[in-house]
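Trainee: Structure for the following, please:
(one chain, ligands or ions: 1)
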Amino acid sequence: MDNQAESSSPETNKTPKSQSSMTSASVIVAFAVQCNNCYQWRKIATEEQFEDFRCNQTADPFVCNKLPGFTCEKPADISVDSSQVWVMDKPNIPKTPNGFKRITTLRGNYSKVDVQYLTPDGKKIRGTPGMVSYLQEHPEYNHLSLSDFCYEAPKIVRDTVPKHALKNPADRSRRRKKRSKS
Ligand SMILES: [Zn+2]
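Mentor: Residues are numbered from 1 along each chain as shown. The predicted structure follows:
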């Protein structure tokens with residue numbers, strides 16, 4: 001018997017179609033997608049390839065043999081566990097337009113992921129209103145529209161967040177007094 005299914009967190013088993021990126025100290029260090037057939041996770045080498053799979057997730061779900069040399073029989077090369085913090089992207093996020101970069105940053109307290117787009121001229125656009133004005137001010141991108149961008153933040157997989165970070169921060173600061181004599 002193998003235990004591949006158990007190596008994914010319960011959360012990921014609920015959403016077999018989602019893709020994930022793994023973050024460490026708020027920087028994404030790896031990308032992975034889950035096979036729609038065997039539910040194993042496969043590491044994806046580049047962000048571009050990851051985005052290709054992510055934007056087609058409903059129309060063309062990922063399966064292992066889309067990766068050269070892989071089949072569902074091959075054991076998972078990564079699992080969603082607490083060795084890294086994982087964030088789970090929504091499916092079908094549009095592929096980032098040429099020259100732009102979608103940046104996701106995990107907040108230091110693990111409360112939230114922020115999404116920004118870096119424009120070809122180096123501006124960081126933090127939300128839809130900013131993108132509306134950017135596109136208006138840059139007619140060279142009039143082939144793009146808001147639907148080419150997605151500010152929906154990925155979901156943090158709670159089971160992979162370090163336990164100390166899950167405690168209520170307010171509670172922690174109240175308890176910081178020395179307690180050696182009590
Ligand atoms: Zn598979």
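Trainee: Show the average pLDDT along the longest strand seen in the chain.
Mentor: Counting by DSSP state E, the longest strand found in the chain is strand 27-34. Model confidence over strand 27-34, given as mean pLDDT, is 84.
Trainee: Stretch 124-141 too?
Mentor: Mean predicted confidence for stretch 124-141 is 97.
Trainee: which non-adjacent residue is nearest Lys155?
Mentor: When the adjacent residues along the chain are set aside, Lys155 lies closest to Met88, with 4.7 Å between them (CB to CB, 6 or more residues apart in numbering). (Glycine included, C-beta is placed from N, CA and C.)
Trainee: Need the three-state assignment for the one you found.
Mentor: Of the three states, Met88 takes strand under DSSP: H, G, I helix; E, B strand; the rest coil.
Trainee: pretty sure it contacts Pro154?
Mentor: Yes. The pair Met88 and Pro154 qualifies as a contact (CB atoms under 8 Å) at a distance of 5.5 Å.
Trainee: Please, which helix or strand holds the closest residue to Tyr141 other than its chain neighbours?
Mentor: Leaving aside its chain neighbours, Tyr141 sits nearest to Leu135 (5.7 Å; criterion: CB to CB, 6+ apart). Per DSSP states H and E, Leu135 falls inside helix 128-137.
Trainee: Tell me how many other residues surround the residue nearest to Lys155.
Mentor: For Met88, the neighbour count with other CB atoms under 10 Å is 20.
Trainee: And Gly69, by the same measure?
Mentor: Residues within reach of Gly69, counting by other CB under 10 Å, total 7.
Trainee: and it, what helix or strand is that in?
Mentor: Using DSSP H and E, no helix or strand contains Gly69.
Trainee: quick one: it from Ala165, how far?
Mentor: Separation of Gly69 from Ala165 (CB to CB, to the nearest Å): 37 Å.
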